[in-house]
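Chemist: sequence and predicted model, in that order:
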Amino acid sequence: MKFLIIGLGNFGASLAEKLTNQGNEVIGIDSSMIKVDALREKISHTICMNATDEFTVSGLPLKDTDVVIVAIGEDQGANVMATALFKNLKVKRLISRAINPLHEMVLKALGIDEIVHPEEETAERWSKKLCLKGVIDSFELSDDFSLVEANVPVRYVGRKIEELNFRQKYALLILTTIKKTEVIGKLGTHITEKKVQGVASGELILEKDEIMVIYGANKDIQRFLKSN
């Protein structure tokens, strides 16, 4: 995959390195030449530029980029301006960093659904979400085991959990499911809310657009996700 990361502070730089190490092509951008030089040998490409300038940004290979991540943290104004610019340029997938609740509210008003909170979420967690197909979110319990939120595969829709032989096939447990509902936010925008359905039983029938919460070894989780 091809990623464009705007802002190479602690979070942006760490995420850029992890994504590069996982075999992805990463373009890291920052207005500080010091930060750009520090990563020049560690990620695929680095560019020193102002990501709030429309003329300069329009020259980037946006059509070929799968994900744009605005990781600017020091300057909220620059973060919002860059986010709005990439939103207007209609990139395939846009993720932006929020510093506080007000900042998050502004990003949601711009129509940004995927928001990063580096103070709560690690670069490791986000690299897993971005690289493993179908992962909505993840939480590392140790170096080897994780809890992962993943979309219910189409082939599982309408089937009971006990019918899947999930534990035997993948050595994983389905702990619960989450339903997604759309509500109107404070600013009149549509927001997706998640509601946990409780401990999953063998009789539970999986539904379309639901999320499964899976527990197990990272290697088994990756094997399951790749099979879908």
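Modeler: Looks like it arrived, so ask away.

Chemist: tell me which stretches of this protein form strands.
Modeler: Taking DSSP state E, the strands of the chain run over residues 2-6, 25-30, 45-48, 67-70, 94-97, 114-116, 135-140, 145-151, 173-184, 190-199, 211-217.

Chemist: list the contacts of the longest one.
Modeler: The list of residues contacting strand 173-184 from outside it, by CB atoms under 8 Å, 6 or more residues apart in numbering, reads 147, 149, 152, 161, 166-167, 190-200, 204, 206-207, 209-216. C-beta coordinates here come from the backbone N, C-alpha and C atoms, glycine included.

Chemist: confidence-wise, which helix or strand of this structure is lowest on average?
Modeler: Lowest by mean pLDDT, DSSP states H and E among the helices and strands of the chain is strand 135-140, with a mean of 68.

Chemist: residues of stretch 196-203 that come out buried?
Modeler: residue 200 (16 or more other CB atoms under 10 Å).

Chemist: same check, this time on stretch 167-181
Modeler: Using 16+ other CB under 10 Å as the test for burial, stretch 167-181 gives 170, 172, 174, 176, 177, 178.

Chemist: the second one against residue 216, yeah?
Modeler: Yes. Counting by CB atoms under 8 Å, residue 172 touches residue 216, with 3.8 Å between them.

Chemist: please parse the protein into its domains.
Modeler: 2-129, 133-227 (automatic domain parsing).

Chemist: from those, which stretch is densest packed?
Modeler: Comparing those by mean neighbour count (mean count of other CB atoms under 10 Å), domain 2-129 comes out on top with a mean of 18.

Chemist: state the mean pLDDT of that one.
Modeler: Averaged across domain 2-129, the pLDDT comes to 88.

Chemist: could you find the closest non-adjacent residue to residue 10?
Modeler: Using CB to CB, 6 or more residues apart in numbering and skipping the chain neighbours, the partner closest in space to residue 10 is residue 118 (7.7 Å).

Chemist: same question but for residue 139, I mixed them up
Modeler: Closest to residue 139 by CB to CB, 6+ apart is residue 147, at 4.6 Å.

Chemist: next: residue 228.
Modeler: Using CB to CB, 6+ apart and skipping residues adjacent in sequence, the residue nearest residue 228 is residue 153, 4.5 Å away.

Chemist: again with residue 207
Modeler: Closest to residue 207 by CB to CB, 6+ apart is residue 157, at 6.5 Å.

Chemist: surely that neighbour touches residue 208?
Modeler: Yes. Residue 157 lies in contact with residue 208 (CB under 8 Å); the separation is 4.9 Å.

Chemist: run through who's touching stretch 152-168.
Modeler: 134, 172-174, 177, 200-212, 228.

Chemist: just the pLDDT at residue 191, thanks.
Modeler: On the pLDDT scale, residue 191 gets 67.

Chemist: repeat that for residue 178.
Modeler: Here the pLDDT value assigned to residue 178 is 87.

Chemist: give me the distance between it and residue 93.
Modeler: 21 Å (CB to CB, to the nearest Å).

Chemist: how about residue 23?
Modeler: Between residue 23 and residue 93 the distance, using CB to CB, works out to 18 Å.
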